[in-house]
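> coords below, sequence missing:
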């Protein structure tokens, strides 16, 4: 479509790159922005640049924050003997919103996904081990999403941590399989947190012929 | 929600101000933008500022453009004896996309709406009259939307222009192509009925034997 002037066409193009925003929505937003006052557009542009510039990963829990260490890691009010492991920062906020959890977090920034080719090195597992080493951790609660990749990741993390003599629990299946933490209500997430169960240690294969 | 750091919270707030973008979508976009590379965010921020800075209203037709007069008004290929009056720039693009119209446009940037308190001075009627005065206009096609406000505006514009001895037409109402009678409201079906046009007669088969 060459009907748009170059600056308008470019803004539509840039907005279309955002997830869930198609060309039609991008056009609608563009016209809205052209009609609105200059200040709002400047504020939006600045918010974009500022958020990107002033947001870093906390060196302890890997969550996005404007301070390092983040407010949660540096808070004395939090229970420093528990770590809740989540996939993404948005999952941390969903958990935090319930007001039911008072321990620390660790954000993996992804999952182990053999199909998509993401291995243990693609998520913040090294930081998690470092994090556990720095505190006197009694329990690690795994709150990855109940999807195939989330399960694979949960099992991997459990296998990694259990040998350290730390209790590893998994939030319960109060959340429907295939769901995403972000979209469930506080009660459901709270229930899942309260019903957490200790993960079973992987069963050793016992060779029956060698029993004698 | 104080759970978000200030730059993140601010970006969510700014994105939530856009039409059709709620808090949840704004959060999702924010996390997407934090995860994406710096360049894309800069390009988006620049596109916002550039579009706003480099887009003005064409002084003739009032459409958004990066040149003044715009490409359409200054084109010698367009028919300068016809003006199509639309409510918004997006309507102009919808019309232009058909490739069926080769005249000029005039963008009202709104409608007359007694209920919302928008009067004739709130739309670009003065510019329309100036526009008509500058060219040798034979026909004004009114293509405001078939809503109450669109109708009020169409009638007002017609009343204003008809005394100048210019033909004023209105795009027709009816059932959209591919539409199904069952799904349209009584007003639309009544309009389609009242605006019925005579079908062209099928060419008669000329019997060569009756030529004498």
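Cool, got the structure. The structure presented is a predicted model; accordingly, all values stated were derived computationally and were not measured.

> contacts and neighbour counts: CA atoms only from here.
Will do.

> so how far is stretch A:134-142 off the chain centroid?
Stretch A:134-142 sits 18 Å away from the centroid of its parent chain (CA atoms, centre = their mean, to the nearest Å).

> Now do the same contact list for the residue positioned nearest the centre of chain A.
Closest residue to the average C-alpha location of chain A: residue A:88 at 1.2 Å, with CA atoms, centre = their mean. Residue A:88 is in contact with A:107-110, counting by CA atoms under 8 Å, 6 or more residues apart in numbering or on different chains.

> Going by neighbour count, which of the residues you listed comes out on top?
residue A:107 (28 neighbours; other CA atoms under 10 Å in any protein chain shown).

> what does chain A put close to chain B?
Residues of chain A lying near chain B by CA under 8 Å from any CA of the partner chain: A:3-8, A:10-11, A:14-15, A:18-19, A:29, A:31-34, A:38, A:41-52, A:54-55, A:65-66, A:89-90, A:93, A:96-97.

> Filter those residues down to just the ones in helices.
A:6-8, A:10-11, A:14-15, A:29, A:31-34, A:38, A:41-52, A:54, A:89-90, A:93, A:96-97 (DSSP state H).

> Kindly write the PyMOL command that selects the buried subset of these.
Selecting only the buried entries of these in PyMOL, with 16 or more other CA atoms under 10 Å in any protein chain shown as the criterion:
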select buried, chain A and resi 6+7+8+10+11+14+15+29+31+33+34+41+42+43+44+45+46+47+48+49+50+51+52+89+90+93+96+97
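
> roughly how far out does stretch A:167-174 sit from the chain middle?
Counting by CA atoms, centre = their mean, stretch A:167-174 comes out at 16 Å from the chain centroid.

> actually stretch A:154-165, not the one I wrote
Distance, centroid of stretch A:154-165 to centroid of chain: 19 Å (CA atoms, centre = their mean).

> For it, the averaged confidence score.
Average pLDDT, stretch A:154-165: 90.

> Check which residues of it are buried.
Buried residues in stretch A:154-165 (16+ other CA under 10 Å): A:154-155, A:157-159, A:161-162.

> Which secondary structure element of chain A has the lowest mean pLDDT?
strand A:197-198 (a mean of 64; mean pLDDT, DSSP states H and E).

> low-scoring stretches of chain A, by residue?
A:1-3, A:173-179, A:181, A:187-188, A:191-192, A:195-212 (pLDDT under 70).

> Now with 80, please.
A:1-4, A:146-147, A:172-212 (pLDDT under 80).

> Tell me the strands beside the biggest strand by length in it, with direction?
Using DSSP state E to define each element, chain A has its longest strand at strand A:79-86. Paired strands of strand A:79-86, with direction, are strand A:103-107 (parallel), strand A:139-142 (parallel) (DSSP bridges).

> Okay, and the beta partners of residue A:57?
residue A:64.

> Which residues are in contact with it?
A:63-65, A:68.

> Against residue B:44, how distant is residue A:5?
Computed with CA to CA, to the nearest Å, the distance linking residue A:5 and residue B:44 is 17 Å.

> Show me how far the longest strand of chain A is from its chain's centre.
Per CA atoms, centre = their mean, the displacement of strand A:79-86 from the mean C-alpha position of its chain is 14 Å.

> angle of that strand against helix A:89-97?
130 degrees (axes from the mean of the first three to the mean of the last three CA atoms, to 10 degrees).

> Just the buried positions in stretch A:119-139, please.
For stretch A:119-139, by 16+ other CA under 10 Å, it's A:120, A:123-125, A:127-128, A:131-132, A:137, A:139.

> Closest one of those to chain B?
residue A:123 (13.3 Å; CA to the nearest CA).

> quick one: the closest one and residue A:108 touch, right?
Yes - contact criterion CA atoms under 8 Å: residue A:123 and residue A:108 qualify, at 5.2 Å.

> Which strand or helix spans residue A:25?
helix A:23-35 (DSSP states H and E).

> ok and that helix relative to helix B:89-97, angle-wise?
130 degrees.

> elements contacting helix A:23-35?
helix A:6-16, helix B:38-54 (3 or more CA pairs under 8 Å, 6 or more residues apart in numbering or on different chains; DSSP states H and E).

> quick one: which of the buried residues of stretch A:119-139 sit in strands?
residue A:139.

> contacts for the helix holding residue A:25?
A:8, A:11-13, A:15-16, A:41, B:18-19, B:51-52, B:55, B:89-90.

> Adding distance to residue B:195, write those residues out as TSV.
Formatted as TSV, these follow (distance: CA to CA, whole Å):
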residue	distance to residue B:195
A:8	38
A:11	40
A:12	37
A:13	40
A:15	41
A:16	39
A:41	44
B:18	39
B:19	36
B:51	42
B:52	42
B:55	39
B:89	27
B:90	26
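
> quick one: which of those is nearest residue B:72?
Closest approach to residue B:72 among those (CA to CA): residue B:89, at 12.7 Å.

> Would you confirm that the closest one contacts residue B:61?
No - using CA under 8 Å, residue B:89 makes no contact with residue B:61, being 10.2 Å away.

> Name the residues contacting each of those two.
Joint contacts of residue B:89 and residue B:61 (CA under 8 Å, 6+ apart) are residue B:107.

> re earlier: off-centre distance for the helix holding residue A:25?
31 Å.

> Next step: the contacts of residue A:88 restricted to strands.
residue A:107.

> Widest-spaced pair of the contacts of residue A:88?
A:107 and A:110 (8.3 Å).

> anything in contact with each of those two?
Common neighbours of residue A:107 and residue A:110 (CA under 8 Å, 6+ apart) are A:87-88.

> what's the offset of stretch A:18-25 from the middle of its chain?
Between the centre of stretch A:18-25 and the centre of its host chain there is 24 Å, according to CA atoms, centre = their mean.

> now swap in stretch A:119-130 and tell me
Relative to its chain's centre, stretch A:119-130 lies at 13 Å (CA atoms, centre = their mean).

> And for stretch A:5-14?
33 Å.

> give me the number of residues near residue A:193?
Residue A:193: 24 surrounding residues under other CA under 10 Å.

> pretty sure it is touching residue A:169, no?
No - using CA under 8 Å as the test, residue A:193 is too far from residue A:169 to be in contact (9.8 Å).

> Which residue, other than its chain neighbours, is closest to residue A:92?
Using CA to CA, 6 or more residues apart in numbering or on different chains and skipping the chain neighbours, the partner closest in space to residue A:92 is residue A:86 (6.4 Å).

> can you tell me how far the spatially closest residue to residue A:14 that is not a sequence neighbour sits from residue B:50?
Closest residue to residue A:14 in three dimensions, ignoring its sequence neighbours and counting by CA to CA, 6+ apart: residue B:44, at 5.5 Å. Applying CA to CA, the value for residue B:44 to residue B:50 is 10 Å.
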